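Novice: Sequence and computational prediction follow.
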Amino acid sequence: MMSRPLLVALLALLMPSAMAQSADTPGLLVMAHGGDPAWNASVEDALAPLRELYPVALAFGMADPASLGAGLGELADQGAERVAIVRLFLDGRSFLHQTEYFLGLRDDPPAQFVLHGAHGAPAGRGAGSGHGATRGHAQAGHGSGHAAGHGAASATPEPVAHGLDLALSLDGLMKADEVALILAARAEAISQSPSEESVLVLAHGTGDDVENARWIAAMERLTGDLRADGYHAVRVETLREDWPEPRAAAERAIRGYVEAETEAGRRVLVVPFRLSGFGPYRDVLEGLDYTASEAGILPHAAVTDWVDREYRALVARAGWASPTP
C-alpha cells in the first residue's frame, strides 16, 4: 500500500495547481510558533506538498493578530471564502482562548494576552475591529491559552476583521499518533544496541502541576512504539522551562536519571519532544554522558500527514465542499 506522504507528493507532481484547487476549495491557515530561519523553513517544507492541493498560508507567532490577519488576507487573495485553521502546537490548549478571540469566534478576551509581535491593535491586512466578521460555520473551542507572561497589551486588542467562514482545530500534536512514529524514528537513528540503551524523552512542560501531569500522560502514550522497540527503559520528563522552582527540581530528576543509567552501564539516548531542535537540553545535560537526537518533531513527512488529516477533518465537520482526494 502506498504511504500517505508518497501519495501526497505524487498528487502534487501529477496535478496542476489550477486543477487541484477548485473555486470553492477551502483554504488552510497553519498557525505555528515560529523561530529562527531553519525553524521556519522546516514548517514551510512540511506544507510544501499541500500547497498544490489547496490554498495554504502560514501565521507564525503565538496567536499574533497581525500574522493571523495577514494569513487570512493571503488566503482571501487566493480566492478562499472558507478557511480551516490548523494549530501546529504540541498542546491543543496553547493560546486557544486568545486565538478564538482574535478570530471572532468568542466575544470574551483572555485574562492575559501573549503577544510577541505587535502589542496593540492588529496591523496590516485584515486589521480592524468588530466581532461580526465571522460567519456561522466556525467550530467553537474549549479551554484557554497559556498566560505565560511574555508580554501583554495595556489596552484590550481588537479582533481581526476578515469576513471568512472559519473552522478551528482544537487538538495539538500531543494527541497525534504520527508523533509516536517520529519519536521512535529519532531514537532508532542514534541507537546501536537497544537492549543496552535507555531512552529519555524531554519536553518543555508547564508550571502547573495538573497541566504538567497531562503532558506527561500524553508523552507516555506517544512512547508506545519506543517501548516496543526493545530498549532497556524509556523515560519521559518535562523541564518546565519557564518556571524557576519547578525547573530546578526537574533538572535534578533529569540529570539524576542520566547519571544512574550511565553508572549502570547503559547508553542513554535523549530525544526531544519539541517541534524543532534540541532546545536548552544541552545546557541541562552538560557534563553527562549521552547521545542526542538533534532533530525535533520537524522535519518529518508525518507532520504533513497530520496537517492534511486535521484540515480534512475540519472541512468535513463544517460541511464544506471536499478538497481533492
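Specialist: Good, I have the coordinates. Numbers count the residues shown, from 1 in each chain.
Novice: What helices and strands are in contact with whichever strand or helix holds Tyr311?
Specialist: Element membership of Tyr311, judged by DSSP states H and E, is helix 301-318. On a contact count with 3 or more CB pairs under 8 Å, 6 or more residues apart in numbering; DSSP states H and E, helix 301-318 meets helix 4-14, strand 27-32, helix 37-47, strand 82-88, strand 165-168, helix 177-190. Heads up, the C-betas are built off the backbone N, CA and C, glycines and all.
Novice: Save these as CSV, and put in mean pLDDT, mean neighbour count and distance to Ile297 too.
Specialist: Converted to CSV, these look like this (pLDDT from 0 to 100; neighbours: other CB atoms under 10 Å; distance: least, CB to CB, whole Å):
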stretch, mean pLDDT, mean neighbour count, distance to Ile297
helix 4-14, 49, 14, 15
strand 27-32, 97, 26, 12
helix 37-47, 94, 16, 9
strand 82-88, 98, 25, 10
strand 165-168, 97, 22, 21
helix 177-190, 96, 19, 5
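Novice: mind putting those in a markdown table, distance to Ala218 included?
Specialist: Formatted as a markdown table, the helices and strands packed on helix 301-318 follow (distance: least, CB to CB, whole Å):
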| stretch | distance to Ala218 |
| --- | --- |
| helix 4-14 | 23 |
| strand 27-32 | 19 |
| helix 37-47 | 21 |
| strand 82-88 | 16 |
| strand 165-168 | 20 |
| helix 177-190 | 9 |
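Novice: Do I have it right that Lys307 meets Asp45?
Specialist: Wrong residue type there; residue 307 is Val, not Lys. No. The pair Val307 and Asp45 does not pass the contact test of CB atoms under 8 Å, sitting 11.9 Å apart.
Novice: quick one, what contacts Val271?
Specialist: Counting by CB atoms under 8 Å, 6 or more residues apart in numbering, Val271 touches 183, 186-187, 199-202, 292-293.
Novice: For those residues, work out which two are farthest apart.
Specialist: For these, the maximum inter-member distance is 13.4 Å, found between Leu183 and Ala292 (CB to CB).
Novice: Which residue would you name as the spatial centre of this protein?
Specialist: Centroid check for the chain by CA atoms, centre = their mean gives Phe89 as the closest residue, at 2.2 Å.
Novice: So what's the residue count around the residue nearest to that residue when sequence neighbours are not counted?
Specialist: Nearest non-adjacent residue to Phe89, counting by CB to CB, 6 or more residues apart in numbering: Gly172, 4.7 Å away. Gly172 is flanked by 19 other residues according to other CB atoms under 10 Å.
Novice: does Gly172 really touch Phe95, like I thought?
Specialist: No. Judged on CB under 8 Å, Gly172 makes no contact with Phe95 at a distance of 10.4 Å.
Novice: can you give me the helices in the chain?
Specialist: 4-14, 17-20, 37-47, 65-77, 96-102, 177-190, 209-222, 224-227, 244-263, 281-284, 301-318 (DSSP state H).
Novice: chain center to the fifth one: distance?
Specialist: Between the mean C-alpha location of helix 96-102 and the chain-wide mean there is a distance of 16 Å, by CA atoms, centre = their mean, to the nearest Å.
Novice: If anything else comes up later, I'll come back, but that's it for now.
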